[in-house]
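Participant: What follows is a predicted structure for the sequence shown.
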Amino acid sequence: MRGKVWLAIILLALIVGLGAGEQIYVNRTFDKAIAKADEITALIEAENYAGANAAADAFSDWWKEERDILEFLCPNNDVKGIMTAIGDLRGALSAGMYDDSLQRSISLSCSVENSKNLLVFKWKNVL
């Protein structure tokens, strides 16, 4: 009987620990993504389109690596939607559609922030 209690306590601690670790990872990843998207927006607003294009390419490469882990932890539609938004932004920058790229970078920032708010643990989402 005593062994079963210890096993239950160990399993509970493992579940809570993994859940907390997952939330920390998701929160940090989305915070980095928001910072990268805001950086691209600032570069476009400063009319540094070459820098914005390079930053968008770097963001895309970084997100591809993070996507593999996030798709395991989060609903895939949220993660894939961000990749689509990054692709749209890269396309607008490559085509020289700079007014459109500003709109797409702001939309990307909002999309990342919205996904973060949906995916991280918040009491208001539970209640």
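Facilitator: Cool, the structure landed.
Participant: What ranges in this protein fall below the confidence cut-off?
Facilitator: 125-127 (pLDDT under 70).
Participant: As a quick check, tell me the outermost residue of it.
Facilitator: M1 (44.8 Å; Cα atoms, centre = their mean).
Participant: show me what contacts it?
Facilitator: Contact partners of M1, counting by Cβ atoms under 8 Å, 6 or more residues apart in numbering, are absent. No exception for glycine: its C-beta is placed from N, CA and C like everyone else's.
Participant: For the strand or helix carrying L89, enumerate the helices and strands it packs against.
Facilitator: Assigned by DSSP states H and E, L89 falls within helix 76-94. Under the contact criterion of 3 or more Cβ pairs under 8 Å, 6 or more residues apart in numbering; DSSP states H and E, helix 76-94 touches helix 2-45, helix 49-73, helix 98-119.
Participant: looking at the ones you listed, which is buried most?
Facilitator: Sort those by mean neighbour count, taking mean count of other Cβ atoms under 10 Å, and helix 98-119 sits at the top with a mean of 18.
Participant: elements contacting that one?
Facilitator: helix 2-45, helix 49-73, helix 76-94.
Participant: What's the separation between the most centrally placed residue in the chain and A50?
Facilitator: The centroid of the chain falls nearest to F30 when counting by Cα atoms, centre = their mean (3.7 Å). Per Cβ to Cβ, to the nearest Å, F30 is found 27 Å from A50.
Participant: What of E22?
Facilitator: Taking Cβ to Cβ, one finds E22 at 37 Å from A50.
Participant: swap in D38?
Facilitator: 18 Å.
Participant: now do S105
Facilitator: 15 Å.
Participant: How about K122?
Facilitator: 39 Å.
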